[in-house]
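Colleague: My questions concern the predicted model and sequence given below.
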Amino acid sequence: MVTLTFPTPAPAPQSEAELLSRCRLLAGKTLAELAAEHDLRVPVDLRRAKGWVGSFLERLLGATASSRAAPDFEALGIEMKTLPVTEQGQPVESTFVCTIDLLEIGDLEWDESRVWRKLARVLWVPVLGRRAVPVSERRVGTAFLWTPSQQQREWLKFDWEELAGVIGSGELEKLTGHLGKYLQVRPKAANSRARRRGTDAEGFSYDALPRGFYLRPSFTAQVLDEHFGLGPGGAADH
DNA sequence: TTGTGATCATCT
DNA sequence: AGATGATCACAA
């Protein structure tokens, strides 16, 4: 068998140092090179494999929480996010954070929110993500561990409270992707017919389109800039 | 069926 | 071009 989709999962890293050490082995390599090391094939395009890059790299690094609501590196309390970037190190896409429990979010505080828990400690893995570049030729960049700065926490908390407030007051249907400076709410579902229990303005539950929180590219661009110490236009991928 | 991994595809 | 809304695969 030489056409498996994913590699055998690596053992979980035992420390942050070990995790970062593994990341250094990936940096600068193309997805084709990494796939070849494990006798795998890279998808020709991502239309039917949208999460492939993230899942592939998670297994190479030894993430433990495959598709469970837990940190990717559970023992280390670290969430991993691949971040598609241009050759200049600019994010190509928004970053999905988590789904939203529409019935409960109005009763939560920021400090106990899934957004905060997920973003408190993140391993960012930049990967060339321009659509014009064939998936197999996309290079993995230099990964790094990140904890939000005080200001970033305040920005995220501000947006989260506004967005959670709209949902909590039953006005989900008025909420669009336009709201929120750095954090936004967008559909997160198999398709537009999917439904999840929500609450309307009168407090009655109804079947709503499932939503999730996403980080805007303007936020992740700042994360990259501050880590790599580059201004706009700098190269951060490898 | 739901959450995680995201990117696609269309509209402005 | 950039952003919003829609969509696809997999695992538990």
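Modeller: Cool, the structure landed. Numbers count the residues shown, from 1 in each chain, chains lettered A, B, ... in the order given.

Colleague: where does chain A have low pLDDT?
Modeller: Regions of chain A meeting the criterion pLDDT under 70 cover residues A:1-5, A:7, A:230-238.

Colleague: if I look at the residue in it sticking out farthest from the centre, how far off is A:E171?
Modeller: Ranked by distance from the centre of chain A (C-alpha atoms, centre = their mean), the top residue is A:E202, with 33.8 Å. Per C-beta to C-beta, to the nearest Å, A:E202 is found 11 Å from A:E171. To be clear about C-beta, it is placed using only N, CA and C from the backbone, and glycine gets the same treatment.

Colleague: The nearest residue to the residue farthest from the centre of chain A once chain neighbours are set aside: neighbour count?
Modeller: Spatial nearest neighbour of A:E202, chain neighbours left out: A:G170 (7.0 Å); criterion: C-beta to C-beta, 6 or more residues apart in numbering. Using other C-beta atoms under 10 Å, A:G170 is surrounded by 19 other residues.

Colleague: pretty sure A:G170 is touching A:A208, no?
Modeller: No. Judged on C-beta atoms under 8 Å, A:G170 makes no contact with A:A208 at a distance of 10.3 Å.

Colleague: hey, what's in contact with both of the two?
Modeller: Common contacts of A:G170 and A:A208, defined by C-beta atoms under 8 Å, 6 or more residues apart in numbering, are absent altogether.

Colleague: Can you give me the neighbour number for the residue nearest to A:R197 when sequence neighbours are not counted?
Modeller: Leaving aside its sequence neighbours, A:R197 sits nearest to A:S205 (C-beta to C-beta, 6+ apart; 5.4 Å). Residues near A:S205, counting by other C-beta under 10 Å, number 12.

Colleague: Roughly how far does A:T220 sit from DNA strand B?
Modeller: 10 Å (C-beta to the nearest atom of the strand, to the nearest Å).

Colleague: Now find how far off-centre the strand or helix carrying that residue is within its chain.
Modeller: Using DSSP states H and E, A:T220 sits in helix A:217-228. Mean-position distance between helix A:217-228 and its chain equals 14 Å (C-alpha atoms, centre = their mean, to the nearest Å).

Colleague: Using CSV, write out every CA atom in it.
Modeller: Listed next in CSV are the C-alpha coordinates belonging to helix A:217-228 (Å, rounded to 0.1, in the frame of the first residue of the first chain):
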residue,chain,number,x,y,z
PRO,A,217,-6.5,37.3,8.6
SER,A,218,-5.7,40.7,10.0
PHE,A,219,-5.3,39.1,13.4
THR,A,220,-3.1,36.2,12.4
ALA,A,221,-1.0,38.6,10.3
GLN,A,222,-0.2,40.4,13.5
VAL,A,223,0.7,37.1,15.2
LEU,A,224,3.1,36.3,12.4
ASP,A,225,4.6,39.8,12.3
GLU,A,226,5.3,40.0,16.0
HIS,A,227,6.9,36.5,16.0
PHE,A,228,9.1,36.9,13.0
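
Colleague: How far does stretch A:121-132 stretch from one end to the other?
Modeller: 31 Å (C-alpha to C-alpha, to the nearest Å).
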